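S.K.: Next one to model:
(chains A and B)
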2 protein chains.
Amino acid sequence: MQSGRLSDSGPAEPGPRLRSLCGADQAAWASSLSEAEAEAGCFALAVAAVLPAGGSGERMGVPTPKQFCPILERPLISYTLQALERVCWIKDIVVAVTGENMEAMKGIIQRYQHKRISLVEAGVTRHRSIFNGLKALAEDQPNSRLSKPEVVIIHDAVRPFVEEDVLFQVVTAAKEYGASGAIRPLVSTVISPSTEGCLDYSLERARHRASEMPQAFLFDVIYEAYRQCSDHDLEFGTECLHLALKYCHIKAKLVEGSPDLWKVTYKRDLYAAESIIKERISQQICVVMDTKEDEEHVGHRLEEMLKNELNHMKKVTSGKDLQQILLEQCYSFVCVNVMTSDFEETHKLLNMLEESNLSILYPVVVISVHFLDYKSVPFGQTMENLMPIREFAKEVKKRNILLYGLLIYYPQDEQKLKESLRQGATIIAALIKERNSGLTGQLLIA
Amino acid sequence: MQSGRLSDSGPAEPGPRLRSLCGADQAAWASSLSEAEAEAGCFALAVAAVLPAGGSGERMGVPTPKQFCPILERPLISYTLQALERVCWIKDIVVAVTGENMEAMKGIIQRYQHKRISLVEAGVTRHRSIFNGLKALAEDQPNSRLSKPEVVIIHDAVRPFVEEDVLFQVVTAAKEYGASGAIRPLVSTVISPSTEGCLDYSLERARHRASEMPQAFLFDVIYEAYRQCSDHDLEFGTECLHLALKYCHIKAKLVEGSPDLWKVTYKRDLYAAESIIKERISQQICVVMDTKEDEEHVGHRLEEMLKNELNHMKKVTSGKDLQQILLEQCYSFVCVNVMTSDFEETHKLLNMLEESNLSILYPVVVISVHFLDYKSVPFGQTMENLMPIREFAKEVKKRNILLYGLLIYYPQDEQKLKESLRQGATIIAALIKERNSGLTGQLLIA
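M.R.: Next up is the predicted model:
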């Protein structure tokens, strides 16, 4: 077994959810936990996860296996690892990858600072990969650095949007029933073809479900099932719940999952995943400006405009306590510079961002806003003064920070000013939503 | 029955495929057609299509029924209608919509100039809607303006990427077998839950398929099946192939469909559809410039750079015969203006685009490129000279044309010039790929 464990140093728990359910929040909904467990705020069970990631991605129609396909330049599997590792009660995550991808996987773990990960070699089929992962967790294996969990979660490397609540549900159900898995309603009717390629029969859609991931098992149940199962099962089987039923007579408890559990299978799913991730990290905007400044400053009006107009964004926070906002993992910043040609606020923010490591997991957007009083300063002059933004942008892009400039025209006429601010808000929304790395360093005009 | 038929005037056949398979192209692959049919270049069968579009979209989690959700501001159903109507051998397309959406649907047909469409009122279930569509096509109905087809295609309003080849395959199979439908491999294992919510049994994935759309039937077969079928079938059934089997003993021929046939079901599917559509209309770029100009002009070097660097784009054509290119439905234009402050080429192009109606179906991107010799003209002056692009952009945006400006720095130094051109190509690619309407009228700098 090869180990990709890393030290616990690194950034705060990553992820678009602001707080993990560990602690007081969990107690509120975890009615199936014992009261003592709930009060302790943590899960007394020993839980590990196994992630088969040895697939070849042939359905995607691309040479890269789908779990390694980049989304916003980060491999898909890193998002799934992030989703699992932010659940504090999952003690170990065992990932099965093929020998040829082993080094790449180690690189991913190091680059994105994943924790609690162990690597094992994948088998030639999904079931064999899972079995290898389970063996690494079993106590009877020599040289295993892992301890045997009571419950093991099995999840797919290509289902990055798994939430803590469904993991919690399958784990508690597995503890009670021995096995559990997430299900979803069928989108299409399922049919059985005859050998001649004609319809033999169709299944009643309402009586069947799609079996999804995650699934969870008492470790002894699923390990025993894998140890007993036939080569045919290991070669051609697709369903862990089926093995628990066939070899251990355990009828798995089925748990309704959310649509987010879907498996990234085709190229279109990569597109969908990218859009979902972009949407999630764009929901919170932080407006940063010098608070010593006049309450009447037009920057405050821009902030109001953002709050009113961008109703698809959840939250516009004022950057009064930047350190706190960085901890809350905001990935979109609007930085208002008071003097037209001044980058002071922007510089301060960029320095903090670089120190925070926030941009390791997602590209961070920073929009440096400047106001232009057309009458007092010539336009061409202002543009030239702001050109250094191109060099700043090039520099911070190396650290996954996307910097854009926005010059907002500031006329005397109230109506025209409103129009400028509205256009500024539109441009800000467009830049944050798209996170287009090809346009960094550009100076846009509202 | 309400009619939404419109006259045949309008733009050329729409769609990202450059030519319909009608004509000589079809003969090449339609081996199952009789030679006479193939030589005639058209399909002798009388074929109509029925599109149930009465769904409420509850799975999408949005108030708008999914078939009316906008993608690049155009309702999803319009893309599906476009996919069907560009197949010249489909004579009539009957769409079943609810009474409350009838006017909206008529508006869509008019706005996007759809042809050969008839509207009927949807029933409360999918099967009832299809039945209403079939009734409109049956000869025994009074006041029907439609003639009974030999074969009828049934398709979903929310599967916009159906290609002519799969339609052709199900229609020819239906002619031979009486019924036919597209299938796909299952992505997840299908299971059956017990009444207690536990696993009862799981199905072998390899032996089952997902039944997708399109399907096709001999009209008399499916109409008879619907006339005979029980209220229970009409209320709870989901599968037309099942009705043909149960009531007419027809075993449908199953046809392997492509992944593109998937059904837009969840919000993530809308994201995926938008990305696919953007990708399709961005694959061909047309570079327009005054051909009287010097072969050595830097515009030609930009063109070369685009050809070399943008390998994800299929084709960069030189705009020598613009009319021809407009007919081929290119939606992305790079317009090189020879004099820095001159919009002559851009104006000519915008006028042609406005006359062509090309932008009815998709947003057309136009990037007005200008070159700046920093030494001979002051930068600020140049910027001011190019500011009118903001007003042009506002004007043409009303007609779905997205105009952006690009100023490429033109230094003496060969290496620096290369760098400028490369950055210009990156910006062009970013603008074409994203089609971001919030950034129109901006002047970007490479």
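S.K.: Please enumerate the strands of the stretch 201-350 of chain A.
M.R.: Counting by DSSP state E, counting those that start in this stretch, the stretch 201-350 of chain A has these strands, from start to end: A:209-218, A:253-256, A:284-289, A:315-318, A:332-336.
S.K.: so which of these comes closest to chain B?
M.R.: strand A:209-218 (4.1 Å; C-beta to the nearest C-beta). Backbone N, C-alpha and C define where each C-beta goes, glycine included.
S.K.: just to revisit the earlier point, looking at the strands of the stretch 201-350 of chain A, which has the lowest confidence?
M.R.: The weakest mean pLDDT among the strands of the stretch 201-350 of chain A belongs to strand A:315-318, with a mean of 68.
S.K.: the bottom helix or strand of chain A by mean pLDDT?
M.R.: Using mean pLDDT, DSSP states H and E, helix A:24-29 stands out as the lowest-scoring helix or strand of chain A, at a mean of 40.
S.K.: for the closest residue to chain B within the stretch 301-446 of chain A, helix, strand, or coil?
M.R.: Closest to chain B within the stretch 301-446 of chain A is residue A:380: 1.5 Å, counting by C-beta to the nearest C-beta. Following DSSP: H, G, I helix; E, B strand; the rest coil, we place residue A:380 in the helix state.
S.K.: list the contacts for it?
M.R.: B:378, B:379, B:380, B:381, B:383, B:384 (C-beta atoms under 8 Å, 6 or more residues apart in numbering or on different chains).
S.K.: Need these in a markdown table (columns: pLDDT).
M.R.: Shown next, in a markdown table, are the contacts of residue A:380 (pLDDT from 0 to 100):
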| residue | pLDDT |
| --- | --- |
| B:378 | 77 |
| B:379 | 77 |
| B:380 | 77 |
| B:381 | 79 |
| B:383 | 81 |
| B:384 | 82 |
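S.K.: top of those residues by neighbour count?
M.R.: Counting by other C-beta atoms under 10 Å in any protein chain shown, residue B:383 has the largest number of neighbours within these, with 21 neighbours.
S.K.: That one in helix, strand or coil?
M.R.: helix.
S.K.: Might one say that it is in contact with residue A:381?
M.R.: No - judged on C-beta atoms under 8 Å, residue B:383 makes no contact with residue A:381 at a distance of 10.5 Å.
S.K.: State the distance from residue A:245 to residue A:204.
M.R.: 21 Å (C-beta to C-beta, to the nearest Å).
S.K.: neighbour count winner among those two?
M.R.: With neighbours defined as other C-beta under 10 Å, residue A:245 and residue A:204 compare such that residue A:245 has more, 21 against 15.
S.K.: List the contacts of that one.
M.R.: Residue A:245 neighbours (C-beta under 8 Å, 6+ apart): A:179, A:251, A:252, B:199, B:201, B:202.
S.K.: which of these sit farthest apart?
M.R.: Across the contacts of residue A:245, the longest distance by C-beta to C-beta is 14.1 Å; it joins A:179 and B:201.
S.K.: Looking at these two, which one has more neighbours?
M.R.: Legend: neighbour count by other C-beta under 10 Å for residue A:179 and residue B:201, higher for residue A:179 (28 against 12).
S.K.: What score does the nearest residue to that one once chain neighbours are set aside have for pLDDT?
M.R.: Nearest residue to residue A:179, sequence neighbours excluded (C-beta to C-beta, 6 or more residues apart in numbering or on different chains): residue A:252, at 3.7 Å. Note on residue A:252: pLDDT of 98.
S.K.: Give me the neighbour count for residue A:252.
M.R.: Using other C-beta under 10 Å: residue A:252 sits among 31 other residues.
S.K.: Likewise for residue A:426?
M.R.: Residue A:426 has 17 nearby residues by other C-beta under 10 Å.
S.K.: What helix or strand is it located in?
M.R.: Assigned by DSSP states H and E, residue A:426 belongs to helix A:414-434.
S.K.: just residue A:444 next, same as before
M.R.: strand A:443-445.
S.K.: so what does that strand touch, helix or strand wise?
M.R.: strand A:401-409 (3 or more C-beta pairs under 8 Å, 6 or more residues apart in numbering or on different chains; DSSP states H and E).
S.K.: is it true that residue A:98 touches residue A:122?
M.R.: Yes - counting by C-beta under 8 Å, residue A:98 sits close enough to residue A:122 to count as a contact (4.8 Å).
S.K.: shared neighbours, these two?
M.R.: Common neighbours of residue A:98 and residue A:122 (C-beta under 8 Å, 6+ apart) are residue A:54.
S.K.: any idea how far the residue most central in space within chain A is from residue A:269?
M.R.: By C-alpha atoms, centre = their mean, chain A has its centre lying nearest to residue A:79, at 4.5 Å. Here the criterion is C-beta to C-beta. By it, residue A:79 lies 13 Å from residue A:269.
S.K.: try residue A:109
M.R.: 24 Å.
S.K.: what about the two, which has more around it?
M.R.: Comparing residue A:109 with residue A:269 by other C-beta under 10 Å, the one with more neighbours is residue A:269, at 24 against 21.
S.K.: returning to that earlier point: more neighbours, residue A:98 and residue A:122?
M.R.: Neighbours per residue (other C-beta under 10 Å) separate residue A:98 from residue A:122, with residue A:122 holding more: 24 against 18.
S.K.: Am I right that the more buried one is in contact with residue A:96?
M.R.: Yes - the criterion here is C-beta under 8 Å, and residue A:122 meets it with residue A:96 at 4.2 Å.
S.K.: joint contacts of these two?
M.R.: Between them, residue A:122 and residue A:96 share the contacting residues A:52, A:53, A:54, A:129, A:132, judged by C-beta under 8 Å, 6+ apart.
S.K.: Of these, which is the most crowded?
M.R.: Busiest of those [other C-beta under 10 Å] is residue A:52, holding 29 neighbours.
S.K.: what's near enough to touch it?
M.R.: A:96, A:122, A:126, A:129, A:130, A:133, A:154, A:156, A:157.
S.K.: for residue A:239, same thing?
M.R.: So residue A:239 contacts A:211, B:189, B:191, B:202, B:205 (C-beta under 8 Å, 6+ apart).
S.K.: which stretches of chain A have low pLDDT?
M.R.: Residue ranges of chain A with pLDDT under 70: A:1-42, A:57-62, A:140-144, A:291-296, A:311-320, A:340-341, A:374.
S.K.: Got the domain ranges for it?
M.R.: A:2-276, A:284-445 (automatic domain parsing).
S.K.: rewinding a little: tabulate the contacts of residue A:245 in a markdown table, adding columns for distance to residue B:88.
M.R.: Converted to a markdown table, the contacts of residue A:245 look like this (distance: C-beta to C-beta, whole Å):
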| residue | distance to residue B:88 |
| --- | --- |
| A:179 | 55 |
| A:251 | 55 |
| A:252 | 52 |
| B:199 | 50 |
| B:201 | 47 |
| B:202 | 45 |
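S.K.: What is the nearest of the residues you listed to residue B:401?
M.R.: residue B:202 (53.3 Å).
S.K.: so the closest one touches residue A:209, yeah?
M.R.: No - in this structure, residue B:202 is not within contact of residue A:209 by C-beta under 8 Å, at 10.0 Å.
S.K.: Find residues that contact each of the two.
M.R.: Between them, residue B:202 and residue A:209 share the contacting residues B:190, B:191, B:192, judged by C-beta under 8 Å, 6+ apart.
S.K.: Buried subset of these as a PyMOL selection?
M.R.: PyMOL command restricting the shared contacts of residue B:202 and residue A:209 to the buried ones, with burial defined by 16 or more other C-beta atoms under 10 Å in any protein chain shown:
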select buried, chain B and resi 190+191
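S.K.: Which helix or which strand is home to residue A:195?
M.R.: Going by DSSP H and E, residue A:195 is not in any helix or strand.
S.K.: List the contacts of it.
M.R.: Counting by C-beta under 8 Å, 6+ apart, there are no residues that residue A:195 touches.
S.K.: May I have the phi/psi pair for it?
M.R.: When read as degrees, to the nearest 10, the backbone of residue A:195 gives phi -60, psi -20.
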